[in-house]
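**Q** Okay, sequence plus prediction incoming.
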Amino acid sequence: MTIRYLLRPEKPVVFCLAIAGFIIGGVLISSFIQPADKSFLCSLAGVKARETADYATTPIQLQAIVHYATSRVTPQQSFPEINVTFGVLKTLSPCNFLVFGLGHDSLMWSSLNPHGTTLFLEEDPKWVQAVLKDAPTLHAQTVQYRTQLKEADYLLSTYKTEPHCSPNKAYLRGNNQCKLALTTLPDEVYDKEWDLIMIDAPRGYFPEAPGRMAAIFSAAVMARGRKGSGVTHVFLHDVDRKVEKAFAAEFLCRKYLVKSVGRLWHFEIPPASDRETHSGDWFC
Ligand SMILES: *[C@@H]1O[C@H](CO)[C@@H](O)[C@H](O)[C@H]1NC(C)=O
């Protein structure tokens, strides 16, 4: 009963306090994080300085606490949905976290990945400017999409006829032949290996909106191309919608779905080199 009460939209203040609780949790995590590479080559002084820095709270966490404690605008995900990603960040942070969508939850995501890289991709340049004006420490880039929601069925039924979309050949940077590939992202997106990818954008609720098709396909390509150890965690929001469901089933695969909470699906996708390749089974 208490959880339901917390989530009622008419209680935004209570919800904000819950979010502030997440952030404070993040502050505590950052206090316990140990340096990842305690190399013997480091001088003792260097290690000591690094440990001191890791124990310090990051400025964005403090900014987030004040922001959420005083804001009446709530993040677009519910408390239990946010908790899924928080659980993964708790074990992996500091890590590389790519987020499709810039919004009221951005300060929170950055705060929950202290000393890591959290990059937001957003379609609307005006919105990027507006958000960065209030929170200049967020790391956000504008993305252009080449798709529209109304093309979703056509893209799903025809992408297999384009060899550049095939799982063994697909790449992203400059892959103009495959319409599902995001070809013009900032180099940083292609050059980094992302441990977590959150897909909560672009807009997909009217026919001319870009839809999430290319973001889902591109996340699958990034995850398959992972060179480091472990899986890529992919979170997809709004899975109550037809296009999100269909593209997730085609590219993120039911067999990699590990959690479903509210309107959020959590996938753990292994690198392609880790799996047997059966010809003809495409992405799943
Ligand atoms: C949050 O997630 C953790 C696992 O990471 C789980 O143990 C806990 O019950 C969850 N809390 C809520 C309120 O959903």
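**A** Great, that's in hand. Residues are numbered from 1 along each chain as shown.
**Q** so the closest residue to the ligand within the chain is in which element?
**A** Ranking the residues of the chain by distance to the ligand (Cβ to the nearest ligand atom) places Gly87 first, at 2.8 Å. Every C-beta, even on glycine, is put in place using the N, C-alpha and C of the backbone. Element membership for Gly87, per DSSP states H and E: helix 79-92.
**Q** Now do the buried residues in that helix.
**A** Neighbour-count burial for helix 79-92 flags Phe79, Glu81, Ile82, Asn83, Val84, Thr85, Phe86, Val88, Leu89, Leu92 (criterion: 16 or more other Cβ atoms under 10 Å).
**Q** Repeat that for stretch 247-261.
**A** Those would be Phe247, Ala248, Glu250, Phe251, Leu252, Cys253, Tyr256, Leu257, Val261, for stretch 247-261 by 16+ other Cβ under 10 Å.
**Q** The closest residue to the fifth one other than its chain neighbours - how many residues pack around it?
**A** Distance criterion Cβ to Cβ, 6 or more residues apart in numbering; nearest residue to Leu252, sequence neighbours excluded, is Phe267 at 4.7 Å. For Phe267, the count of nearby residues is 24 (other Cβ atoms under 10 Å).
**Q** and if you look at Ala135?
**A** Residues lying near Ala135 (other Cβ under 10 Å) number 16.
**Q** any chance of the buried residues of stretch 247-261 in JSON lines, plus pLDDT, distance to Pro186 and secondary structure?
**A** What follows is the buried residues of stretch 247-261, written out as JSON lines (pLDDT from 0 to 100; distance: Cβ to Cβ, whole Å; DSSP: H, G, I helix; E, B strand; the rest coil):
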{"residue": "Phe247", "pLDDT": "98", "distance to Pro186": "23", "secondary structure": "helix"}
{"residue": "Ala248", "pLDDT": "98", "distance to Pro186": "25", "secondary structure": "helix"}
{"residue": "Glu250", "pLDDT": "98", "distance to Pro186": "26", "secondary structure": "helix"}
{"residue": "Phe251", "pLDDT": "98", "distance to Pro186": "22", "secondary structure": "helix"}
{"residue": "Leu252", "pLDDT": "98", "distance to Pro186": "23", "secondary structure": "helix"}
{"residue": "Cys253", "pLDDT": "97", "distance to Pro186": "27", "secondary structure": "coil"}
{"residue": "Tyr256", "pLDDT": "97", "distance to Pro186": "27", "secondary structure": "helix"}
{"residue": "Leu257", "pLDDT": "98", "distance to Pro186": "29", "secondary structure": "strand"}
{"residue": "Val261", "pLDDT": "98", "distance to Pro186": "31", "secondary structure": "strand"}
